[in-house]
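1. Only the shape, not the letters, is given here:
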């Protein structure tokens, strides 16, 4: 797919020589992950899919649960690539913008996982939760998936969409913004179509006990799928409102206030998704490993 001039400035950064990540718990070098040939900085939807599929394969080879969210994300990205390659671009009004946005959006998740693998500090609490807990095997597969989805939507999406609109030249007018808004919300139809496959992925490939038990209940699948979709709709609606607020900000302070709200909200959601560990120990009468009143950034394992 050709990328329009407005989005042609994206570049891919690659290491000049082969690099391998060695897990200190790995029995031998066969468990090393090669890093240099992964597209960490995709420029469009097709490169995003290529990068996701490659790192998912390598993480799964080590049974690393950081693969779970990226695997689910690849399902959605695969659908985006398919639709954008259709003659009608899947009903999107600005397919080049969406393709570029998909690549830039995927970069956030890919780089977060890469930096986690390399033990680099991650700038957001949401991504520290979404990488630390799966890496340590603390959470269940459905939680690993939700942590990644939340970090990607509630933290990354608004920033990426805002930057893709705010930094265009000439500036985006009201008509073009309306077309972007249409495409942004049209993605909801893709998400809705992908949810059944994502649920099956959790149950079958990642053998999520909670997901399997839930699906055994009569009529549970449509309820689960509907609940997940409603959650995504609420999250994505709030993201768009934050995008508009940043675009309309009159001062740097107003813009920064929205950014801080995004960081705080995404961190609190991640915290809530992991809170069952502390709650369960409290119910048993044990001392929990952390207080639920702590800020997300202060929880053990996610503090920098």
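-> Here it is on my side, so go on. This one's a predicted model, so the numbers in the text were calculated from it and none came from an experiment.

2. name the helices or strands packed onto the helix or strand hosting residue 264?
-> Applying DSSP states H and E as the criterion places residue 264 in helix 252-274. Under the contact criterion of 3 or more C-beta pairs under 8 Å, 6 or more residues apart in numbering; DSSP states H and E, helix 252-274 touches helix 125-136, helix 141-150, helix 158-166, helix 220-248. C-beta coordinates here come from the backbone N, C-alpha and C atoms, glycine included.

3. elements contacting the third one?
-> Helices and strands touching helix 158-166, by 3+ C-beta pairs under 8 Å, 6+ apart, are helix 95-117, helix 174-204, helix 220-248, helix 252-274.

4. any idea which of these is most buried?
-> Comparing these by mean neighbour count (mean count of other C-beta atoms under 10 Å), helix 95-117 comes out on top with a mean of 23.

5. That one to helix 141-150, inter-axis angle?
-> With axes from the mean of the first three to the mean of the last three C-alpha atoms, to 10 degrees applied, the angle from helix 95-117 to helix 141-150 works out at 120 degrees.

6. Tell me which other helices or strands helix 95-117 touches.
-> Looks like helix 95-117 contacts helix 45-61, helix 67-84, helix 125-136, helix 158-166, helix 174-204 (3+ C-beta pairs under 8 Å, 6+ apart).

7. which residues touch stretch 215-231?
-> Contacts to stretch 215-231, defined as C-beta atoms under 8 Å, 6 or more residues apart in numbering, come from residues 188, 191-192, 195-196, 199, 203, 214.

8. ok so, going back, what mean pLDDT does the helix holding residue 264 get?
-> In this model, helix 252-274 has a mean pLDDT of 94.

9. on that earlier part again, of the helices and strands packed on helix 252-274, give the one that comes closest to residue 95.
-> Proximity to residue 95, assessed across the helices and strands packed on helix 252-274 by C-beta to C-beta, is greatest for helix 158-166 (13.8 Å).

10. Give me the buried positions along that closest one.
-> 158-162, 164-165 (16 or more other C-beta atoms under 10 Å).

11. what angle sits between it and helix 174-204?
-> Using the same axes, to 10 degrees: helix 158-166 against helix 174-204 is 150 degrees.
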